[in-house]
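Asker: okay, sequence plus prediction incoming.
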Amino acid sequence: MLRMSRRAAVVAMAALASLATLTPGVSRAADPVKLEIGYIPILAASPLFIVDGQGWAKDAGIALKLTRFESGPHAIQAMAAGQIDLLYAGVAPVLVARTKGVDVAVIANSAVEEMVVAGRGAFAKALGANPTPDTFKKFAADTGRKPKIGTQPPGSVPDTVLKHWLFKVIKVDPADVELVPMGIEKTQQALLAGALDAATIREPTVTVTQQLDPNVTLLATGAQMFPDQPGTVVSARAEVLKNHPDAIQALVKAHLRAVDLIAKDPAAASKIVNEYLGKGLMEPKTLEAAFRGPGSKFVADPHGVVPAVEKMMGFAKEIGSADGVIPVAEAFDFRFYDAAVAK
């Protein structure tokens, strides 16, 4: 009897193993969903760092891999190639990508009005609180060169809102200013080194540059550059949304939880984010100050940014950054956010 029981047990275990192999739900239930998320190293990506740092994704059965990019256009190219699954970056590259046939969608918002213009030196003093086209012409006449303003590549949110501020708000002649596209870190270094007269920057770069050089001044807020300025969103490939809806739902819910933590406890949030954004080289107090600064406005609801995004899309076409205009609402997939906030 004992010998038969052992044999029966072996047969039963083999049968279960075969069943697990043939039945997808059995074998994969315990396996984590692997998702690679791209991000731009800015404060608006903080909800992602908090979700990962607090282990909320892991608790939901999701294994995250975070990949850093220096600009939205570069990141969206990687997403279009299927190299990353989700992305924390500006909304403009997502919309431009859709005009080119890339099937990606915005599933949540992260921040708005985050982009500002900061400057130093003679140009910042000349510009003052009431910039005019004549300020740019006079600067060129006095110095023998056009003012240099650093930004990110064409098609990015920084480039788009900077051009809106210059050409629509101030009404500067494009021939009177030199725009210099570069990565985020190089922009900060060039501004502090005096290689740029001004730059479009976001937190925590705003706080860091002003701490390093008190002469760096804020020339325009996000609202002044582009009212209700759309900023960083969370986007995903359509294939990922189709194949892993439960994982995406869990991520969006965790994203909302992280945004709530930032609002309620910026000190705690700064300690978590510092491990990702500061890499141990930045004091948590600096990040906490950035969370409380004028360039920090976290908003998770994607519905509210659609009108401003429509205006940005129209302007992107006007300046040649987008080939055409698409119905902006079609670029948003509200299902996951709406389910996350449903009571």
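Answerer: On my side now, so go ahead.

Asker: now the residue positioned nearest the centre of the chain, what's its secondary structure?
Answerer: Closest residue to the average C-alpha location of the chain: residue 89 at 2.6 Å, with Cα atoms, centre = their mean. Here residue 89 is strand, with the state taken from DSSP: H, G, I helix; E, B strand; the rest coil.

Asker: which residues of the protein score low on pLDDT?
Answerer: In the predicted model of the chain, residues 1-30, 280-281, 322-325, 343 satisfy pLDDT under 70.

Asker: returning to that earlier point: from residue 64, how far off is the residue nearest to the centre of the chain?
Answerer: Distance of residue 89 to residue 64, computed by Cβ to Cβ, to the nearest Å: 16 Å. Using the backbone N, CA and C atoms, a C-beta is placed for each residue, glycine as well.

Asker: which segments of the protein make up each domain?
Answerer: What automatic domain parsing lists as the domains of the chain is 31-112+230-341, 116-225.

Asker: endpoints of stretch 289-298, how far apart?
Answerer: 14 Å (Cα to Cα, to the nearest Å).

Asker: buried sites along it?
Answerer: 289-291, 293, 295-298 (16 or more other Cβ atoms under 10 Å).

Asker: so what touches that stretch?
Answerer: 43-44, 46-47, 110-116, 202-204, 206-208, 218, 221-222, 259, 262-263, 266, 269-270 (Cβ atoms under 8 Å, 6 or more residues apart in numbering).

Asker: stretch 303-322 now?
Answerer: Stretch 303-322 is contacted by residues 91-92, 95-96, 99, 109, 112, 154-155, 157, 159-161, 163-164, 167-168, 226-230, 233, 299, 323-326, 328-329, 331-332, 334, 337 when judged by Cβ under 8 Å, 6+ apart.

Asker: 7 Å instead, please
Answerer: 91-92, 95-96, 99, 109, 112, 154-155, 160, 163-164, 226, 228-230, 324-325, 328-329, 332, 334 (Cβ atoms under 7 Å, 6 or more residues apart in numbering).

Asker: the residue nearest to residue 219 when sequence neighbours are not counted: what secondary structure?
Answerer: Distances taken as Cβ to Cβ, 6 or more residues apart in numbering place residue 117 nearest to residue 219, at 4.4 Å, with adjacent residues excluded. Using three-state DSSP, the structure places residue 117 in strand.

Asker: helix, strand, or coil at residue 235?
Answerer: Classified using three-state DSSP, residue 235 is strand.

Asker: one more: residue 63?
Answerer: Applying three-state DSSP: residue 63 is strand.

Asker: what's the neighbour count on it?
Answerer: 13 (other Cβ atoms under 10 Å).

Asker: also residue 124?
Answerer: 19.

Asker: swap in residue 143?
Answerer: Neighbours around residue 143, by other Cβ under 10 Å: 13.

Asker: what's in contact with stretch 31-40?
Answerer: By Cβ under 7 Å, 6+ apart, stretch 31-40 touches 45, 48, 61-69, 71-72, 75, 78-79, 84-89, 184, 244, 247.

Asker: so of the buried residues of stretch 289-298, which ones are in helices?
Answerer: 289-291 (DSSP state H).

Asker: for residue 221, list the residues it contacts.
Answerer: So residue 221 contacts 116, 294 (Cβ under 7 Å, 6+ apart).

Asker: any idea how far it lies from residue 246?
Answerer: Residue 221 is 40 Å from residue 246, by Cβ to Cβ.
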